[in-house]
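# Build me a model from this:
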Amino acid sequence: MTADGIADISSRRSDHAIVSGITRGSRSNFYYSFLFLPRPQREAIHAVYAFCRCVDDAVDAASDKSAARTELARWRTELAAAFGEGSPADPVTRDLALHAARMNLSRGPLEEVIRGVEMDLTQRRYESFEDLSVYCRRVASAVGHSCVEIFGSRGAASMRYATTMGLAFQMTNILRDLRSDCQQGRFYLPAEEMRRFGYSSEEAAAGRGGPAFEALMEFQCRRAEALFRRSDAEFPKEERRKLFAAEIMGAIYRRILSRIAGRPAAVLEGRVTLPRGHRLALAAGLYIRARLLS
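Now for the predicted structure:
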């Protein structure tokens, strides 16, 4: 092997180490959901997750809106380069480019993620659930579409399933992060519904509960659970072996939603999550089930 070839392999390993570090460091539900994937798929998922994490941080960690827009423009350029329009300069997009080429991934869903994150710069409130759904599809369902492609399940039924699951996941995230989002000036719950139940974003930021809060949360939890049930109905059972990781993530998020529904005030006190061992047990159980039933 030539020196250039050795250097190229070393560079790829370095890029992958950075991407894996971002994913492992997050210890997110993504990380536990994809532990049992074959290595090529797991590494591709890590690349997608790292890209989405970096795009999200471009807004969350920016000093002001101008800096955030500059960072998002950079990630747009990097994404284009990862899909053949130049040479990506960032380790994350270099790694993403490798997996995108190997698995013939679509660029569109990742462009949608950038559009969704960009909405946080211009829109702080959503009047209706229909308005909010646009945001949810961009920041969550679009990620699901990329994941489904990596799983090798590209049919229309799988994409519908990913869309609905993304809505359910993001609604669960919005409920889980209600107080911290409001403290940062981000008010995701539909304004018309908050008015209907008589609960304000200021009360959420201050951590105040009460009957209005409980009624609002009950309504929102029912909606999220209905989305999970709809995704169950849409799940293409013939693709179970390919989609087991999506089922794992669904099970983890559904447990989180159940905890919120059982005690809504918990979201005003801190982040509602599942213990590491619980998530590992769910992942292992659903992986075995998928192998037995497929």
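# what's the burial count for the closest residue in space to Leu268 that isn't next to it in sequence?
The shortest distance from Leu268 to any non-neighbouring residue, by C-beta to C-beta, 6 or more residues apart in numbering, is to Gly207 (4.4 Å). Where you see a C-beta, it was placed from the backbone N, CA and C, and this is true even at glycine. If you count neighbours by other C-beta atoms under 10 Å, Gly207 ends up with 15.
# I figured Thr23 was touching Tyr32, is that so?
No: here Thr23 lies out of contact with Tyr32, judged by C-beta atoms under 8 Å, at a distance of 10.8 Å.
# how far away is the residue nearest to Leu268 from Ala265?
Going from Gly207 to Ala265 by C-beta to C-beta, to the nearest Å gives 9 Å.
# can I assume Ser128 is in contact with Glu192?
Yes: in this structure, Ser128 is within contact of Glu192 by C-beta under 8 Å, at 5.7 Å.
# Where do the helices of the stretch 1-150 of the chain begin and end?
Assigned by DSSP state H, counting those that start in this stretch, the helices in the stretch 1-150 of the chain fall at 3-26, 29-33, 39-60, 65-82, 91-103, 108-122, 129-136, 142-151.
# Next up, the contacts around the residue nearest to the spatial centre of the chain.
A centroid search over the chain (C-alpha atoms, centre = their mean) returns Ala140, at 4.7 Å, as the residue closest to the centre. Neighbour list for Ala140: 166-167, 169-170, 173 [criterion: C-beta atoms under 8 Å, 6 or more residues apart in numbering].
# Adding pLDDT and secondary structure, write those residues out as TSV.
Conversion of the contacts of Ala140 to TSV gives the following (pLDDT from 0 to 100; DSSP: H, G, I helix; E, B strand; the rest coil):
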residue	pLDDT	secondary structure
Gly166	97	helix
Leu167	98	helix
Phe169	96	helix
Gln170	97	helix
Asn173	96	helix
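# Looking at those, which is nearest Arg254?
Phe169 (9.7 Å; C-beta to C-beta).
# what's around the closest one, how many residues?
Around Phe169 there are 28 residues (other C-beta under 10 Å).
# Roughly how far does it sit from Ile18?
For Phe169, the distance to Ile18 equals 26 Å [C-beta to C-beta].
# again with Ser106
Remark: distance between Ser106 and Ile18 (C-beta to C-beta) = 24 Å.
# Then Arg154?
28 Å.
# Name the stretch among the helices of the stretch 1-150 of the chain that sits most buried.
Counting by mean count of other C-beta atoms under 10 Å, helix 142-151 has the highest mean neighbour count of the helices of the stretch 1-150 of the chain, with a mean of 24.
# now what about it, what contacts it?
Outside helix 142-151, the residues touching it (C-beta under 8 Å, 6+ apart) are 41, 44-45, 48, 52, 99, 103-106, 108-110, 112-113, 116, 154, 158-159, 161-163, 165-166, 169, 242-243, 245-246.
# got the angle for it vs helix 91-103?
50 degrees (axes from the mean of the first three to the mean of the last three C-alpha atoms, to 10 degrees).
# All set, thanks.
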